[in-house]
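In: test case, fold it:
(chains A and B)
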Protein chains: 2
Amino acid sequence: MIKTMQDLVRRAQLLTPKKMVVAVANDHHVLEAVDQAKKAGIIEPILVGDKDKIIETINELKLVISDYDIIDVKDPIDACNQSVKLVSLGKADILMKGFVDTAIILRAVLDKEFGLRTPNRISHVSLMEIPSYHKLLLMSDGAMNMYPTVDEKQEIIENGISILHAMGIKTPKVGVIAAIEKVNPKMPATVDAENLIERNQSGRLKGCVIGGPFALDNAINKEAAIHKGVTDPMAGDVDFLLMPQIESGNVFYKSMMFLAHAKSASLIAGARRPIVLTSRADSKDSKFYSIALACIVSDPS
Amino acid sequence: MIKTMQDLVRRAQLLTPKKMVVAVANDHHVLEAVDQAKKAGIIEPILVGDKDKIIETINELKLVISDYDIIDVKDPIDACNQSVKLVSLGKADILMKGFVDTAIILRAVLDKEFGLRTPNRISHVSLMEIPSYHKLLLMSDGAMNMYPTVDEKQEIIENGISILHAMGIKTPKVGVIAAIEKVNPKMPATVDAENLIERNQSGRLKGCVIGGPFALDNAINKEAAIHKGVTDPMAGDVDFLLMPQIESGNVFYKSMMFLAHAKSASLIAGARRPIVLTSRADSKDSKFYSIALACIVSDPS
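Out: Model prediction:
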């Protein structure tokens, strides 16, 4: 059972090291985390980008150049395309974004010829260790899908539960978050909750159990749920918070990271392989944990 | 300077005790908090409702009946109307909801003849003491206004800053929260932020300084703001988070209360007098702090 970020790293260490390609790899913060992951024995990195710049960054960080397989591609767009192709062709297991705009790497990921598309849309997923919660908590989507329709929410759920499945949680408990516990036609999040539960119960949305609408407290605190008369057995014990829209997701993620001492691992899910796409503001630890999560998700076993 | 909930109570104790009318007062949890506030010397309660039921509740709680001024009104709607009239006529300073539906008491509050309306809409405001933030933080609206327009957001801001003014904060820093820091026409919260800042700078929205759009981290954490290149001097130091819609506000409030060990005081603002309208799920402490905040807000000095 993976209950902490440390457990996540330990699990990744039990697996065969994964080949991870870093697109436009001359990024200090990214390479620091990559080096940590390499030293932990969980990845074998392939660095794609301007070789001179990459070597300069490696030297500045005082890392060992011979540790790294470097593929020289000067142009950042080409570097992204090459990186995605390596993953697409099975020559690498994980893609990580380096010093390049998110839009550029995602264009390569979503390319119809050589990209990593699946029928699902891609979504951003954060797995969090929150000291005041009794297990890891996955949350989506606070960074990528702005105002998802109910069909898009289904895809966001499917992407998220694929990660929880890889972590060994067979039937994740998905709580659909709103501001209240009752369906109210004026509040789309509550109507979508009802719809998603119906899809789950009729077998159109499988591999999890869905509950809601929940106000946040009822999803993560049993006492609060009882107090409110919420009888769903998953109340207070969810594995996955589906957020109504990007603002709630973003506010929750930032609340936990900056005000509740949380640790996190984030991925782009919904592509054929996990994508580590951390932001500059993420700590080195968050980047390292994200790589560990990607290793677990990309493991075939 | 009021920096904690304890400071809030101490400040209320320095003022003349306020007359507080409790509508439909036969509510255990409400009366417990009312008793605590009476013992702290900050209020003189007037209990309106079914006298037999109120006395029964007082006896069950082992409180002293002679401490309480009770006005016997059997019907809950009548009790709400009578309670509101007492405040309206200046015979009480604060209104508190007891064992009655929110909709019923608000109908009385908003009555055009005897109610407590102002030109502004009413809004829900939570003041929070969050251990990981360096001062009290006000947030609105996580409970009442669902999807406010920019004009409605102006009123929510005006209602909130009136509370901060009463607390002695002359020019509160209001951070308009979104998922990102840049204005994006696809994200209404960012467009509204720009609009509200313009209103503030042109003097149409006074008594505060407004910044944003902020992702939450930049509003409440200086380092995160610097990291992101956010140069607004209020970044990391806001007094007031204006939330984009009810879901984000609700998620933030619940996050802080259930996962970040926060304390809170909540009010309905925007009426002629403060209204304490706590929910069953709020702790006794939250109810007590809410009364203390109402005492400060209703003080004429």
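
In: which residues sit against the strand or helix carrying residue A:198?
Out: Using DSSP states H and E, residue A:198 falls within helix A:188-201. Here helix A:188-201 makes contact (Cβ atoms under 8 Å, 6 or more residues apart in numbering or on different chains) with A:150, A:153-154, A:157, A:174, A:176-180, A:182-185, A:205-206, A:208-214, A:242, A:244-245, B:247. Bear in mind the C-beta positions are built from the backbone N, C-alpha and C, glycine included.

In: the helix or strand of chain A with the lowest mean pLDDT close to chain B?
Out: The least trusted helix or strand in chain A, going by mean pLDDT, DSSP states H and E, turns out to be helix A:222-227, with a mean of 91. Yes: under the criterion of Cβ under 8 Å from any Cβ of the partner chain, chain B is reached by helix A:222-227 at A:224, A:227.

In: stretch A:119-132 too?
Out: Yes: counting by Cβ under 8 Å from any Cβ, chain B is contacted by stretch A:119-132 at A:130, A:132.

In: can I get that stretch in CSV, CA atoms only?
Out: Provided in CSV are the C-alpha atoms of stretch A:119-132 (Å, rounded to 0.1, in the frame of the first residue of the first chain):
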residue,chain,number,x,y,z
PRO,A,119,-9.1,8.5,-27.6
ASN,A,120,-9.2,10.4,-24.3
ARG,A,121,-8.2,14.0,-23.9
ILE,A,122,-5.1,14.6,-21.8
SER,A,123,-5.5,16.0,-18.3
HIS,A,124,-3.5,17.2,-15.4
VAL,A,125,-3.4,15.0,-12.3
SER,A,126,-1.9,15.8,-8.9
LEU,A,127,-1.3,13.1,-6.3
MET,A,128,-0.9,14.6,-2.8
GLU,A,129,0.3,13.6,0.6
ILE,A,130,-1.5,15.8,3.0
PRO,A,131,-0.5,15.5,6.7
SER,A,132,-4.1,15.8,7.9
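
In: buried stuff in that stretch?
Out: With burial defined by 16 or more other Cβ atoms under 10 Å in any protein chain shown, the residues of stretch A:119-132 counted as buried are A:120, A:121, A:122, A:123, A:124, A:125, A:126, A:127, A:128, A:129, A:130.

In: what's the closest of those to chain B?
Out: Comparing the buried residues of stretch A:119-132 against chain B with Cβ to the nearest Cβ picks out residue A:130 as the nearest, at 5.7 Å.

In: mind listing what that closest one touches?
Out: Counted by Cβ under 8 Å, 6+ apart, residue A:130 has contacts A:137, A:256, A:260, A:261, A:262, B:259.

In: so the longest helix seen in chain A versus helix A:188-201, what angle?
Out: The residue-count maximum for a helix in chain A (DSSP state H) belongs to helix A:150-166. Calculated by axes from the mean of the first three to the mean of the last three Cα atoms, to 10 degrees, helix A:150-166 forms an angle of 60 degrees with helix A:188-201.

In: quick one: the strands in the stretch 1-150 of chain A, in order.
Out: A:18-23, A:43-49, A:69-72, A:94-97, A:123-129, A:137-140 (DSSP state E, counting those that start in this stretch).

In: sheet partners, orientation included, of the fourth one?
Out: Each strand pairing with strand A:94-97, determined using DSSP bridges, is listed with its direction: strand A:18-23 (parallel), strand A:275-276 (parallel).

In: residue contacts, residue A:187?
Out: Taking Cβ under 8 Å, 6+ apart as the test, what residue A:187 contacts is A:178, A:179, A:180, B:146, B:246.
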